[in-house]
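Novice: Using only what follows, build the 3D model:
(one chain, ligands or ions: 1)
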Amino acid sequence: MPSKKALVRRPSPRLAEGLVTHAERQKVDVGLATEQWEAYVEVLRAHGWEICEVEGADDCPDSVFVEDTVVLFRNVALITRPGSASRRPETAGVEEAVAGLGCSVNWIWDPGTLDGGDVLKVGDTVYVGRSGRTDAAGVQQLRAAFEPLGARVVAVPVSKVLHLKSAVTALPDGTVIGHIPKMDRPSLFPGFLAVPEESGAQVLLLGGHQLLMAASAPKTAELLTDLGYEVVTVDIGEFEKLEGSVTCLSVRLRELYA
Ligand SMILES: NC(=O)NCCC[C@H](N)C(=O)O
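Specialist: Residues are numbered from 1 along each chain as shown. Predicted structure coming up:
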């Protein structure tokens, strides 16, 4: 049986000090953020995901954005080397967690950098953003890790947002969705659908035709509902202030055979 596990990591008490790159810094309420995170985790659990909580990293303000620390392809967990040095201490706990779940572990090495938020899988195609956080060596190392496993790796320039998945994700049928004003090259994606809101570009696949989206993108939720999807929304406003989204708060492990 394929797995349905989701890695998450509780917000650090220092969350409000998290990095902000493309947005104006706003005050973050850590108590409210923790409530929003708990509600997010509850949605995953309610949709059949077994929650695997990585031990908290209280000294790392951005550690809740667990997606950036590891990329899964089949049963291989590629531990990243985040582009921001302040986030590198986050990976040790994640490595321990995925090894404990039975993943084969591989690593992005110095001098390469790669953030998991730059990696979008659509079937066996792996799009990787060449962004402010992921460099050319990181892209090369990702290719070397996943192409032998059958991945087709496509590099995508990203200059207007933090990560590739800040502007582009994919629906269950493989249609890539994105917010064009935030994309460098929409033409790189076949079967592309434009969405009207920036945070509408981020959908997390809950399974079947169910999608998790941020409450901040009601027009896109309406568009996707009209296409026959069941959309569940969560308020993740405190994380959005730090350029986070629904995708970056978890890592789903779907190809572990226990
Ligand atoms: N994958 C993601 O979208 N990660 C969001 C990371 C936000 C965090 N404040 C950062 O700048 O690294």
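
Novice: pLDDT at the residue of the stretch 151-258 of the chain found nearest the ligand, what is it?
Specialist: With distances taken as C-beta to the nearest ligand atom, the stretch 151-258 of the chain approaches the ligand most closely at Cys248, which sits 3.1 Å away. Heads up, the C-betas are built off the backbone N, CA and C, glycines and all. What the model reports for Cys248 is a pLDDT of 98.

Novice: and it, how many neighbours does it have?
Specialist: The local packing of Cys248 (other C-beta atoms under 10 Å) involves 26 other residues.

Novice: got a list of what it touches?
Specialist: Contacts of Cys248 were listed using C-beta atoms under 8 Å, 6 or more residues apart in numbering, and they are Phe65, Val66, Glu67, Asp68, Gly116, Gly117, His163, Lys165, Phe239.

Novice: Thr175 now?
Specialist: Gly191, Phe192, Leu193 are the contacts of Thr175 under C-beta under 8 Å, 6+ apart.

Novice: re the thing from before, if we only consider the contacts of Cys248, which is nearest to Val153?
Specialist: For those, the residue nearest Val153 by C-beta to C-beta is Gly116; the value is 14.5 Å.

Novice: any idea how far that closest one is from Lys4?
Specialist: For Gly116, the distance to Lys4 (C-beta to C-beta, to the nearest Å) stands at 19 Å.

Novice: Of the two, give the one with the bigger neighbour count.
Specialist: Under the criterion of other C-beta under 10 Å, the comparison of Gly116 against Lys4 puts Gly116 first, with 25 against 16.

Novice: ok, now which ones touch the more buried one?
Specialist: Contacts of Gly116 (C-beta under 8 Å, 6+ apart): Glu67, Asp68, Thr69, Val70, Val71, Thr80, Cys248, Val251.

Novice: count of neighbours near the closest residue to the third one other than its chain neighbours?
Specialist: Same thing as Thr69. Beyond its immediate neighbours in the sequence, the residue positioned closest to Thr69 (C-beta to C-beta, 6 or more residues apart in numbering) is Val94, lying 4.4 Å away. Applying other C-beta under 10 Å, we find 24 other residues in the vicinity of Val94.

Novice: which residues touch Val94?
Specialist: If a contact means C-beta under 8 Å, 6+ apart, then Val94 has Leu7, Arg9, Val54, Val66, Thr69, Val70, Ile79 as its contacts.

Novice: What does it show for phi and psi?
Specialist: phi -70, psi -40 (degrees, to the nearest 10).

Novice: buried set for the lengthiest helix in the chain?
Specialist: Residue-count comparison of every helix in the chain, with assignments taken from DSSP state H, identifies helix 30-46 as the longest. Using 16 or more other C-beta atoms under 10 Å as the test for burial, helix 30-46 gives Val30, Ala33, Thr34, Gln36, Trp37, Tyr40, Val41, Val43, Leu44.
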